[in-house]
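# How does the following fold in three dimensions:
(chains A and B)
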Amino acid sequence: MKTDAARVGQIVDLTNCDKEPIHIPGAVQPHGVLLVLREPELSITHVSENAPVLLGIAAEQLLGARLGTLVAPSVREALEASLRSERLKQHNPLKVAWRVEGTERFFDGIAHRHQGKLILELEPSSEKVSVPFLSFYHAVREALSGLRDARDLQELCETVVQEIRRMTGFDRVLIYRFDAEWNGSVLAEARDAQADPYLGLHFPASDIPKQARELYRLNWLRIIPTVDYRPARVLALPGAQTDSPLDMSFSVLRSVSPIHLEYLRNMGVQASMSISLVKEGQLWGLISCTHVSGTRYVPYEIRTACEFLGEAMSSLLAAKEGSEDYDQRIRAKSIHAALLERMAREVDFVSGLSSHESGLLELVHAQGAAIHFHGRTTVLGAAPDDAQLAGLLGWLGTRTDEDVFCTDRLSSHYPEAEAFKEVASGLVAVSMSRGRNNYVLWFRPEVVQTVNWSGNPTKPVEMEDGQPRLHPRKSFELWKETVRGRSLPWKAYEVEAAAELRRSIIDVALQRSEALLKLNTELERSNVELDAFAYAASHDLKEPLRGIHNYTLLTLREVGETLPEGARGRLDTVVRLTQRMESLINSLLHYSQVGRTELSLRETDLNEVVAQVLELLKPRLEEARMEVRIPHPLPPARCDRVRIAEVFTNLITNALKYNDKAERWVELGAVPDGKEARVAYYVRDNGIGIKPEYHEAIFRIFKRLHGRDRYGGGTGTGLTIVKRIIERHNGHIWLESTPGQGTTFYFTLAVEPGAEGTEGE
Amino acid sequence: MNSALPVLVVEDNDEDFDMLQLAFQAAAVPNPLVRCSDGEETLEYLFRRGRYPSAEQAPRPGLVLLDLNLPGVDGRQVLEQVKADPVLRGIPVIVFSTSDNPKDVQSCYQSGVSAYLLKPVDLERFERMVRLLKEFYLEFVVLPEGPQSREERRR
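Below you'll find the model as predicted:
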């Protein structure tokens, strides 16, 4: 029979080992002998070529012989009875005594049936009889209670590695868990000082190829007492090799892949054992035992105890993992409640969400978050920069199909995310309103940034004989390649927590908007009332004012001549005060009208508007000998012609009034604005200027900077009205000024089509 | 020729009425001035009921000077009722108000007011306004004589 044992010399290549048929290696590890027995007579059809070493009989003599004729008579009957049993495995290990040259050699026989073949593997044993049940029981009892008492997964893992190490004496025992892509990470470790720490390291999926994982799932324990063994080929009785190669999936002696041995040697491992951890039929992880200080053989009974512990741990996985999540869920609930309470308390619920104590990040175990609400973005922790966030939000806006979007590999959905994968390879985005682009986003960094190192991650790959030495460091590099642009996965309960928060935010926002609606209604009503009030007030104020004015004037007219000069002067003052009061009342009324009446927005030629204004102001401009400069025609704007005329009138009048120069000029023009408005119009003068501290104040109603009668007087409402008009056009007004040299007022008109009023009033 | 027709002044403010009277005197308006100081009274006068049950007590005015803001029934309602009545509709009504609320101006003309005047806080302007009013409405404008007989029958 041809075997593939010669493959040991093959080039190690981690990329092609997926294809290797490792379940039919055609060879065994030489620490035991493999026999295949033909039933019912139990004659030997296959034997491993190392049989002479262990059994003292040439393979040719064994092939075709009956097992019963070869073993010691003392065990023959019991052995044959066991091997014929239907429940073969229950009898393992079978005590086998082999008579060789007058002496007996004892073996542990491990028998199983597979694909119609009875396979018996013999491992040398120092014991003549089975280890008594009680010793097995004691070996595992304590371990089991430790397992049961473990509070969570971590404690379970730690207990198991300690127990396995205690039972087997391996230098290093670790628990290794697979992720969804079969990358592994080390969760727990018990080790001797001379063994390198592996805790926290990651291994790429390619370290354990698919078919090896399948064997791990089927056969829960494997041992390699020495990595430097020479495989013993399995020889077959001539005529018995007709069918398919011997399937050794369940064999304990099965020779392992030379690639795996190379891998172990590269890690400095001389012996290894691994026990599968299976959860709900899926390979969950491995208990991996390695020995760096020599070869290590573990007797069958101990192995069985270890396997038993593995099974026990497997059965506990769901419960411990569940309880781990359970604790987290409870924690998430309490964070959620705290968040809700904060949101409800703060006037601006976004600030309630985003305060650092809020636990927003902890809720889903994210390293960063961003809240985008009504055009404003608030960032917490590690997040993409503003421009990147804006791009991401824009992209999210194009995905209308889900309320909660969750990925642990953002750049595969949104390639631009490659640029900020260090902070946001993982994203949970909850949309708080369709079409409004209001989101809460959580970010997780690329997993490479997240991993806990137990050694120096930057340690270079070690070279040995010109070849890179395969080592967990190197393995880590490979793993990094496989997880580029990815974050740790989001757990289901974390995504649920995000979705739940979304619902709460919507509830809060809804309550807020209802309250706002109510407020708006009230505001509207009070606005209408205020409007009526402004007219009523002006009417009611003017009525007595008129009386005072008229009666005073009448009195002056009738008896003015007879009054002493002082009294007449005071009555003149009363008249002047009534006139001033009237102009104040009128200004106030006008100001309220600017806010209330609808704008009539049209595309307007501002040159015409300005020409009209200048025409009206002509007498005053001429009187002041004021030069009007318009270096370039003004660009058109969408605006209310009458209101904008008022703006220009006001600004030009101000330029005219507040000027003490001999040669006065005012310049009108437009400059590019660069912001949302196309241009900023300006009115510049060489007047008295305005000190910086007054740049805000001058827009306040009735705020005057000069004595009432200096610079031509005024009510102090002009600029307030101008500002209000500009703001109603969604524009801004600001100024630049050098006291003593002049002032420039700039304003923009950023009205969106249809945003205000309609054509005509 | 209009001098016999009374001018009905609807004015709640005594000072304003006082000034108006003075101005009318100064302008030598020959027409009798009749004053109603609120909307309710005005309607009673015009429709000859309540305090003014007969034509003798409430001769039909040739012109009404109407203040808009009145206690109770206000000037706007008075105007509406007057203009809704086929007989009274013919009487020119001039609003004489402090309010230049465009809505008021608009609605008064919609209701058929003949003119809308603003009460100025300026004695000179006020006096000039009254003089012009007298000249125009009481000297030049032909005011309608009420369809007395038919009206009497109807009522």
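# Which residues of chain B lie near chain A?
Chain B comes close to chain A at residues B:13, B:15-16, B:19, B:22, B:69, B:97-99, B:101-102, B:104, B:119-123, B:126, as judged by CB under 8 Å from any CB of the partner chain. For every residue, glycine as well, the C-beta is placed using N, CA and C.
# Name the residue closest to the centre of chain B, please.
Taking CA atoms, centre = their mean, the centroid of chain B lies closest to B:V64, which sits 1.6 Å from it.
# Show the buried residues in the residues of chain B next to chain A.
Neighbour-count burial (16 or more other CB atoms under 10 Å in any protein chain shown) applied to the residues of chain B next to chain A gives B:13, B:16, B:19, B:22, B:69, B:97-99, B:101, B:104, B:119-123, B:126.
# Farthest pair within the residues you listed?
Pairwise distances across these (CB to CB) peak at 27.4 Å, for the pair B:L22 and B:N101.
# surely the residue nearest to the centre of chain B meets B:V93?
Yes. Contact criterion CB atoms under 8 Å: B:V64 and B:V93 qualify, at 4.5 Å.
# Name the residues contacting each of the two.
Common neighbours of B:V64 and B:V93, counting by CB atoms under 8 Å, 6 or more residues apart in numbering or on different chains, are B:V82.
# ok, now which ones touch residue 144?
Since you didn't name a chain, this refers to chain A. Going by CB under 8 Å, 6+ apart, the list of residues near A:L144 reads A:309, A:312.
# not what I meant, chain B
Residues in contact with B:P144 (CB under 8 Å, 6+ apart) are B:62, B:90-92.
# Show me the helices in chain B, by range?
Secondary structure of chain B (DSSP state H): helices at B:14-26, B:39-47, B:75-84, B:102-111, B:123-133, B:148-154.
# Mean pLDDT and distance to A:E163 added to those helices, as CSV?
Shown next, in CSV, are the helices of chain B (pLDDT from 0 to 100; distance: least, CB to CB, whole Å):
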stretch, mean pLDDT, distance to A:E163
helix B:14-26, 89, 106
helix B:39-47, 91, 102
helix B:75-84, 92, 97
helix B:102-111, 90, 91
helix B:123-133, 90, 109
helix B:148-154, 46, 118
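# Could you work out which of the ones you listed reaches nearest to A:R38?
Smallest distance to A:R38 across the helices of chain B (CB to CB): 112.5 Å, for helix B:102-111.
# buried set for that closest one?
Neighbour-count burial for helix B:102-111, counted by 16+ other CB under 10 Å, picks out B:104-105, B:108, B:111.
# from those residues, which single one is nearest A:V647?
Distance to A:V647 across those (CB to CB) is lowest for B:V105, with 24.3 Å.
# what packs against the helix or strand containing A:K618?
Using DSSP states H and E, the element containing A:K618 is helix A:606-623. Judged by 3 or more CB pairs under 8 Å, 6 or more residues apart in numbering or on different chains; DSSP states H and E, helix A:606-623 is in contact with helix A:641-657.
# Just the buried positions in the helix it packs on, please.
By neighbour count with 16+ other CB under 10 Å, helix A:641-657 contains the buried residues A:641, A:643-657.
# now A:T720, nearest residue through space, not along the chain?
Leaving out its chain neighbours, the residue that sits closest to A:T720 by CB to CB, 6 or more residues apart in numbering or on different chains is A:I701, at 4.3 Å.
# coming back round to it: export the buried residues of helix B:102-111 to TSV and tack on distance to A:A193?
Formatted as TSV, the buried residues of helix B:102-111 follow (distance: CB to CB, whole Å):
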residue	distance to A:A193
B:D104	99
B:V105	100
B:C108	104
B:S111	106
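# from these, which single one is nearest chain A?
Taking CB to the nearest CB as the measure, chain A lies nearest B:D104 of the buried residues of helix B:102-111, at 7.9 Å.
# give the contact list for A:L589.
A:534-535, A:538.
# element containing it, please.
Assigned by DSSP H and E, A:L589 belongs to helix A:565-596.
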